[in-house]
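Peer 1: sequence first, predicted coordinates after that:
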Amino acid sequence: DTGVSQDPRHKITKRGQNVTFRCDPISEHNRLYWYRQTLGQGPEFLTYFQNEAQLEKSRLLSDRFSAERPKGSFSTLEIQRTEQGDSAMYLCASTYDREDYGYTFGSGTRLTVV
Amino acid sequence: SQQGEEDPQALSIQEGENATMNCSYKTSINNLQWYRQNSGRGLVHLILIRSNEREKHSGRLRVTLDTSKKSSSLLITASRAADTASYFCATYSGGYQKVTFGIGTKLQVIP
């Protein structure tokens, strides 16, 4: 088990382009979370999945954002028509379906929109 | 929105000294967790304390929780240069099924 993997590590894109990030969680974990973190701030919740079901989406997640977790395995986060304000670190985490267990985070994908 | 608020926002100490970081939060919780983040990396889970616990230890870490004051503290004893990182508290409320992070304390340990 190599932990949570995120790909790519860095992404530079032009404003208006679409980008997609991938997260491979720890295989035994059935919960998967996406967070966004800007400089000097703590991670902010975007959305989470229990197995393949997307159970909650933050109001931060505009219509330009979509996330999937087909078959309850890896997850993708897509941002359409990127804006400069989307520049941030996008973090993925996974955990068990129990409240007394911490999250395992990936190294994140740093997105820069120019 | 950020649930927790860490204090201080930045802390600089000499190697070997103890570092104390505080966290205050707003709503009732099931547990509180502390994470470490090295610059530009993902977060690493350090320790979790349940709402019915008052103190917990893990190696050089000691966490306290006061639910009446809605506050927690993280003590790192005998700090090392490798402890230099940002530290975040995160609260878990069962109704939300997710952790909510504070803005973090940036710790610098000077060799």
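Peer 2: Structure's in. What do you need? Residues are numbered from 1 along each chain as shown, chains lettered A, B, ... in the order given.

Peer 1: where does pLDDT dip in chain A?
Peer 2: Residues of chain A meeting the criterion pLDDT under 70: A:1.

Peer 1: how about the secondary structure of the residue of it positioned farthest from its centre?
Peer 2: Distance from the centre of chain A peaks at A:D100, with 21.7 Å (CA atoms, centre = their mean). Taking DSSP: H, G, I helix; E, B strand; the rest coil as the rule, one finds A:D100 in the coil state.

Peer 1: residues in contact with it?
Peer 2: If you count contacts by CB atoms under 8 Å, 6 or more residues apart in numbering or on different chains, A:D100 has them with B:30-31, B:48, B:50. For the C-beta atoms, the positions are set from N, CA and C on the backbone; glycine is no exception.

Peer 1: just the buried subset of these, written out for ChimeraX, thanks.
Peer 2: Buried members of those, defined by 16 or more other CB atoms under 10 Å in any protein chain shown, are picked up in ChimeraX with:
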select /B:30,31,48
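
Peer 1: and the furthest pair within the contacts of A:D100?
Peer 2: In terms of CB to CB, the contacts of A:D100 reach their longest pairwise distance at B:N30 and B:L48, which sit 10.1 Å apart.

Peer 1: in the sheet, who's paired with A:S94?
Peer 2: With DSSP bridges as the criterion, the beta-bridge partners of A:S94 are A:L32, A:T104.

Peer 1: what of B:S12?
Peer 2: Applying DSSP bridges, one finds that B:S12 bridges with B:Q108.

Peer 1: ok, it - contacts?
Peer 2: B:S12 touches B:107-108, B:110, counting by CB under 8 Å, 6+ apart.

Peer 1: check these for burial and list the buried ones.
Peer 2: By the neighbour-count criterion of 16+ other CB under 10 Å, the contacts of B:S12 include these buried positions: B:L107.

Peer 1: in JSON lines, list the contacts of B:S12 along with pLDDT.
Peer 2: Converted to JSON lines, those look like this (pLDDT from 0 to 100):
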{"residue": "B:L107", "pLDDT": "97"}
{"residue": "B:Q108", "pLDDT": "97"}
{"residue": "B:I110", "pLDDT": "97"}
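
Peer 1: any regions of chain B where pLDDT drops low?
Peer 2: For chain B (pLDDT under 70), the answer is B:1-4.
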